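> give me a 3D structure for the following:
(2 chains)
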There are 2 protein chains.
Amino acid sequence: MESFFSFLERRVDDCSSLLCVGLDPHLPELPEPTPRAALGFCMRLIDGTAAYAAAFKPNAAFFELLGPEGWDVLRQVIEAVHAQSTRLGSRIPVILDAKRGDIASTAQAYAASAFEKLGADAVTLSPFLGSDSIEPFLQNQEKGAFLLCRTSNPSAGDIQDVKVQLPGYENAMPLHEWVARLAAQWNSRNNLGLVVGATHTPTLAAVRATVPDMWILCPGVGPQGGDLEAAVAAGLRADGRGLLVNVSRALSRSDDPRKAAAALRDRVSESQSRGRRHTA
Amino acid sequence: MESFFSFLERRVDDCSSLLCVGLDPHLPELPEPTPRAALGFCMRLIDGTAAYAAAFKPNAAFFELLGPEGWDVLRQVIEAVHAQSTRLGSRIPVILDAKRGDIASTAQAYAASAFEKLGADAVTLSPFLGSDSIEPFLQNQEKGAFLLCRTSNPSAGDIQDVKVQLPGYENAMPLHEWVARLAAQWNSRNNLGLVVGATHTPTLAAVRATVPDMWILCPGVGPQGGDLEAAVAAGLRADGRGLLVNVSRALSRSDDPRKAAAALRDRVSESQSRGRRHTA
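Predicted coordinates for the structure are as follows:
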């Protein structure tokens, strides 16, 4: 059995890309507020960008808001990514951005919903309830999870940046660093990564230093204020991989998502090889 | 306009009860794993216990696992509670246990889904992303939210109990206490409460001391190990209210949920008046 991150790394190599394409059918972005329009919005992005996508990341909230039919659209969207994978001869993982976090018995239901019912390959999770809330998502090593560590929103620091004092550590550390250390402990099957926003690159660099080997999903580039080149420089692993750069609006608002995705992929690769030359 | 907690307090007085009835159509509890069986499971509980319920709390995960039809069942379940309210002449709030937590634009979608699409009166939320992830749920003061503070699961302490050092505070405090203090600050419209599990009553008592006026939703009584009487003693507000005791399996597994709910309501009231006599 292949672990989730072996599977992701194969895809990254196949498409020479670290780009994660966000699928956020936010109502104001749609021509009309219907499940059909949400499906059209996502299909245009999937068809246009699949060749350059290391992964796709649909956000559960925007589908949920469309009611029961929205959940059916979400299932179809995930199916469409897998159909594109077959066409391309290279399987593209789907990361369901759901930010779940609940006690173990409930977490099992969320995991079954994401992986079995919807067919996603990975999910995003909140660390707030601790290890027993995460474990149900990691049991099958072919499926993966990305744990929120330091998010890209303005008030992320309210909780994530508070200084914590831990037994066995001389100095206090920000909570997000403790989350990264816990995640590294919990990642016994190579299927747990982190979410670290691009909006504060020193934090991204610090998390990378704490967990040199883990995969990081990095949202917040573009409209949220994160700089792509700076994020790649701060978050890349020593082997030039280990970072998924999520882009949503820059693609969905483009007249030609294919061209925009190719250009973004190339910008990431350019920063990536700069980073490698720097390391070498 | 009435705030969510004024509305809840009216209901608490109408039914002389602090009981919150959990609606958790967990697949192994159903005669068959279908949306129809989940609806039947919830309707039996609603019909049986409405007279003694200060609130109902459906857990989104168990409906989500049933696919698009599950979301339709969730909407019907919430509608059924409101229909019972009409019959009883006393509106019973529905708290959607969803534990959401996302950046503001996504949180808006989750809030619209819970309050407008599904018709819930309140939701449970994770504090991990800070104030801008909570604010979209508080804008309409008639709707409310309960913020996870100290949950009832075995590994809750991994994050929630770490000691945090905050500017302006001489001593370190557990993270859950910081969450309670933040929630008190954010509760400017009387529509934000806390979730504190019944499994560790000293923590419940400590949170109550930190936020003497806030509402606390208290899960974990029964199979999870929390003692009902101890939780009521630890969590009650000085006015004998301020605590919702959630019970799920003790009702759903009972041959007669009505009788079981009446008995539980009376046990809560008994502990409640003991607490009051104690205070007086």
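
> which bits of the stretch 1-150 of chain A sit near chain B?
Residues of the stretch 1-150 of chain A lying close to chain B (C-beta under 8 Å from any C-beta of the partner chain) are A:24, A:26-27, A:59, A:61-62, A:64-65, A:67-69, A:71-72, A:75, A:99-107, A:109-110, A:112-113, A:117, A:126-133, A:148. Where C-beta positions appear, they are placed from N, C-alpha and C, glycine not excepted.

> how about the residues of the stretch 151-280 of chain A by chain B?
Within reach of chain B by C-beta under 8 Å from any C-beta, the stretch 151-280 of chain A has these residues: A:151-160, A:162-166, A:172, A:175, A:178-179, A:182.

> got the phi and psi for the most centrally placed residue in chain A?
Chain A has A:Leu217 as the residue nearest its centroid, 4.2 Å off, counting by C-alpha atoms, centre = their mean. Dihedral pair for A:Leu217: phi -90, psi 130, per degrees, to the nearest 10.

> doesn't A:Leu147 make contact with it?
No: applying C-beta atoms under 8 Å, one finds A:Leu217 not in contact with A:Leu147, separated by 9.6 Å.

> who touches both of these two?
Shared contacts of A:Leu217 and A:Leu147, defined by C-beta atoms under 8 Å, 6 or more residues apart in numbering or on different chains, are found at A:124, A:193-195.

> circling back: how close does the residue nearest to the centre of chain A sit to A:Tyr110?
Noted for A:Leu217: a distance of 18 Å to A:Tyr110, by C-beta to C-beta, to the nearest Å.

> ok, how many other residues are close to A:Glu116?
12 (other C-beta atoms under 10 Å in any protein chain shown).

> re earlier: which ones are touching the residue nearest to the centre of chain A?
A:20, A:57, A:95, A:124, A:146, A:193-196, A:244, A:246.

> ok, so of the residues you listed, who is nearest chain B?
Of all the contacts of A:Leu217, A:Thr124 has the smallest distance to chain B: 9.3 Å, by C-beta to the nearest C-beta.

> and the closest one, bridged to which residues?
The partner list for A:Thr124 in beta bridges (DSSP bridges) reads A:Phe146.

> right, and it touches A:Gly144 too?
No: counting by C-beta under 8 Å, A:Thr124 sits too far from A:Gly144 to count as a contact (10.2 Å).

> quick one: distance of the strand or helix carrying A:Leu182 to the chain centre.
Per DSSP states H and E: A:Leu182 is located in helix A:175-186. How far helix A:175-186 lies from its chain's middle: 17 Å, per C-alpha atoms, centre = their mean, to the nearest Å.

> which other helices and strands does it contact?
helix A:131-138, strand A:144-150, helix A:157-160, strand A:163-165, strand A:192-196, helix A:201-210, helix B:157-160 (3 or more C-beta pairs under 8 Å, 6 or more residues apart in numbering or on different chains; DSSP states H and E).

> figure out which of those is closest to B:Ala260.
Closest approach to B:Ala260 among the helices and strands packed on helix A:175-186 is made by helix A:131-138 (28.0 Å; C-beta to C-beta).

> give me the contact list for that closest one.
A:101-104, A:107-108, A:110-111, A:114, A:123, A:125-127, A:143-145, A:147, A:182, A:186, A:189, A:191-192, B:153-155, B:158.

> ok, now with 6 Å
With C-beta atoms under 6 Å, 6 or more residues apart in numbering or on different chains as the test, helix A:131-138 has contacts from A:101-102, A:104, A:107-108, A:111, A:125, A:145, A:186, A:189, A:191-192, B:153-155, B:158.

> and if you look at stretch A:113-130?
A:4, A:75, A:78, A:93-101, A:134, A:143-148, A:179, A:195, B:64-65, B:67, B:101, B:126, B:128, B:151, B:153, B:155-156, B:158-159.

> any chance you could give me it in CSV, C-alpha atoms only?
Extracted in CSV, the C-alpha atoms of stretch A:113-130 (Å, rounded to 0.1, in the frame of the first residue of the first chain):
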residue,chain,number,x,y,z
SER,A,113,-18.0,10.9,4.6
ALA,A,114,-14.9,12.5,3.1
PHE,A,115,-13.1,9.4,2.0
GLU,A,116,-15.8,6.8,1.3
LYS,A,117,-18.9,8.8,0.5
LEU,A,118,-17.3,11.7,-1.4
GLY,A,119,-14.1,10.0,-2.7
ALA,A,120,-11.6,12.6,-1.5
ASP,A,121,-8.0,11.6,-1.0
ALA,A,122,-7.2,13.9,1.9
VAL,A,123,-8.9,16.5,4.2
THR,A,124,-7.9,19.5,6.2
LEU,A,125,-8.4,19.2,10.0
SER,A,126,-8.3,21.4,13.1
PRO,A,127,-5.9,20.3,15.8
PHE,A,128,-8.0,21.7,18.7
LEU,A,129,-9.4,18.4,20.0
GLY,A,130,-6.0,16.6,20.0
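
> could you pull up the mean pLDDT of it?
Across stretch A:113-130, the average pLDDT comes to 98.

> mind listing what's buried in that stretch?
A:113-115, A:117-130 (16 or more other C-beta atoms under 10 Å in any protein chain shown).

> and that stretch, how far out from the chain middle?
So, by C-alpha atoms, centre = their mean, the centroid of stretch A:113-130 is 12 Å from its chain's centroid.

> repeat that for stretch A:184-201.
That offset, for stretch A:184-201, works out to 10 Å (C-alpha atoms, centre = their mean).

> would it be right to say that A:Ile95 lies in a strand?
Yes: per DSSP: H, G, I helix; E, B strand; the rest coil, A:Ile95 lies within a strand segment.

> residues contacting it?
A:55, A:57, A:122.

> out of those, which are inside strands?
Within the contacts of A:Ile95, residues falling in strands by DSSP state E are A:55, A:57, A:122.

> how many neighbours does the first one have?
Using other C-beta under 10 Å as the criterion, A:Ala55 is surrounded by 24 other residues.

> isn't it right next to A:Cys20, touching?
Yes: contact criterion C-beta atoms under 6 Å: A:Ala55 and A:Cys20 qualify, at 4.5 Å.

> shared neighbours, these two?
Overlap of the contact sets of A:Ala55 and A:Cys20 (by C-beta under 6 Å, 6+ apart) consists of A:Leu244.
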